[in-house]
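Novice: Provided below for reference: sequence and predicted model.
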Amino acid sequence: MSAVSSTLDGAGLLAAYRPGASSVFASPRGTLLAEGARAVATTVPEAESLLRAGARIVLGAAPFTLNSPAHPARLVVPVNLRRAEAVGARAAAPAARPVVPAIPDDAYLAAVARAVADIGAGAYTKVVLARTLRIAAPGFDPAPVVRALAAAGSYTFGVDLGAGRTLLGASPELLVSRFGRTVSANPLAGSIPRSLDPAEDARRAAALLASAKDLREHAFASEAVAEGLRPFCRDLRVPSEPALTATPTMWHLGSRITGEIADPGVSALALAAALHPTPAVCGTPPAAARRAIAELETFDRGFFAGMVGWTSADGDGEWAVTIRCATAGPDGLDVYAGAGIVSGSDPQAELAETNAKLGTMLSALGVTDVA
């Protein structure tokens, strides 16, 4: 396998991306274009074995349910890898575009109400409930949408899933990265839709920072990630309070957690597998939240709420949480969004939150109305 610094810049590598023949992953640290597939791993242990056997890098995605024969990952050792700088500045404010209309979903409202009742009865503390939309689009080409998404999130991806399918999206959430001895994570939990009106947008941001319900939801995720990293790290630094993270459609509460890895033999992929799924996409306690998701959601998440990224042979790498995403095939695509349900959650507010999160993909797709 060759791994070269490309003569193209980050935007050029995005332009060179060809669904079905390559995969792309762009982050604030740089852009990777993986061409061809020398080997494919369907589980995290298989991918780690490939790295130990001499592969210089694995790149791809793993599903919400890890290491299950029923839910294979797509982690590729490419034939050729090209690297370039980051794509460029990310948008920090909503663009002037048509507002995606609310998407009625009585089943989702009922599921949220049921979850709130279960939480009140002590069945679990938090659960993340997701929705999906099916968009018919014969002959759909993911490439221009991936390029459009590059301004929508810190981690842009277009991953070949095989059989004519592509995972594409723009995630704002870093699950974990490892570069040398430095480990970083940035769990996001607690959200509010943004407004095109600057004064109202500022009011919403302030309200999120003061929201007891959202601060409680964020604490579940931040504490779980810190506990997950603690066995692997020394000198772990966890913010005492979350900060605001902006995307074009959402304000989020985020906590940048950093530390120094104790054992350099533990790779970024191993760290990601140890943390996944966090309460930000599953809930807490994890086993009870998984049971609730299986009971209350009406679809298979597949790669949604999984992890996407790369790890090299030296253990460095970065993995994002697979949100603000879609899976696409020749006849169309499925778009996903979820919301964290805790005590005090309001079903209508959670529905509005998922509508706003769906807006990232729908805007990139040019969809301004949904039948």
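Specialist: Done, it's in. Numbers count the residues shown, from 1 in each chain.
Novice: pretty sure residue 351 is touching residue 111, no?
Specialist: No. Using C-beta atoms under 8 Å, residue 351 makes no contact with residue 111, being 10.3 Å away. For glycine as for every other residue, the C-beta is placed from the backbone atoms N, C-alpha and C.
Novice: Which one's more surrounded, the two?
Specialist: residue 111 (24 against 20; other C-beta atoms under 10 Å).
Novice: Contact partners for the more buried one?
Specialist: Contacts for residue 111 (C-beta atoms under 8 Å, 6 or more residues apart in numbering) come out as 129, 296, 297.
Novice: Can you classify it by secondary structure?
Specialist: Recorded secondary structure, residue 111: helix (DSSP: H, G, I helix; E, B strand; the rest coil).
Novice: Could you point out which residue ranges in the stretch 1-150 of the chain have low pLDDT?
Specialist: The model of the stretch 1-150 of the chain has pLDDT under 70 over residues 1-7, 88-104.
Novice: the strands in it, which residues?
Specialist: Assigned by DSSP state E, counting those that start in this stretch, the stretch 1-150 of the chain shows strands spanning 2-5, 22-27, 30-35, 39-41, 57-62, 74-77, 80-84, 126-136.
Novice: Buried residues, the longest one. List them.
Specialist: This points to strand 126-136. Within strand 126-136, the residues that qualify as buried are 126, 127, 128, 129, 130, 131, 132, 133, 135, counting by 16 or more other C-beta atoms under 10 Å.
Novice: could these go into CSV alongside distance to residue 321?
Specialist: Shown next, in CSV, are those (distance: C-beta to C-beta, whole Å):
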residue, distance to residue 321
126, 16
127, 16
128, 11
129, 16
130, 13
131, 17
132, 17
133, 20
135, 22
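Novice: which one among those residues gets closest to residue 264?
Specialist: Residue 264 lies nearest to residue 128 out of the buried residues of strand 126-136, by C-beta to C-beta, at 33.0 Å.
Novice: so who does the closest one touch?
Specialist: When contacts are counted by C-beta under 8 Å, 6+ apart, residue 128 touches 279, 280, 281, 282, 283, 289, 293, 305, 338, 339, 340, 341.
Novice: which one of these is nearest residue 64?
Specialist: residue 305 (4.6 Å).
Novice: three-state assignment of the closest residue to the closest one other than its chain neighbours?
Specialist: Spatially, and ignoring its direct neighbours in sequence, residue 305 is nearest to residue 281 (3.9 Å; C-beta to C-beta, 6 or more residues apart in numbering). The three-state label given to residue 281 by three-state DSSP is coil.
Novice: how many neighbours does residue 281 have?
Specialist: Using other C-beta under 10 Å, residue 281 has 28 other residues around it.
Novice: Residue 40 and residue 190, how far apart?
Specialist: 37 Å (C-beta to C-beta, to the nearest Å).
Novice: Between those two, which is the more surrounded one?
Specialist: Taking other C-beta under 10 Å, residue 40 and residue 190 do not tie; residue 190 has more neighbours (26 against 18).
Novice: Among the contacts of residue 111, pick out the one closest to residue 227, please.
Specialist: Of the contacts of residue 111, the one sitting nearest to residue 227 (C-beta to C-beta) turns out to be residue 129, at 23.6 Å.
Novice: Does that closest one have any beta-bridge partners, and if so which?
Specialist: With DSSP bridges applied, residue 129 shows beta-bridge pairing to residue 339.
Novice: Please give me every residue in contact with it.
Specialist: Neighbouring residues of residue 129 by C-beta under 8 Å, 6+ apart: 108, 111, 112, 115, 293, 296, 297, 338, 339, 341, 350.
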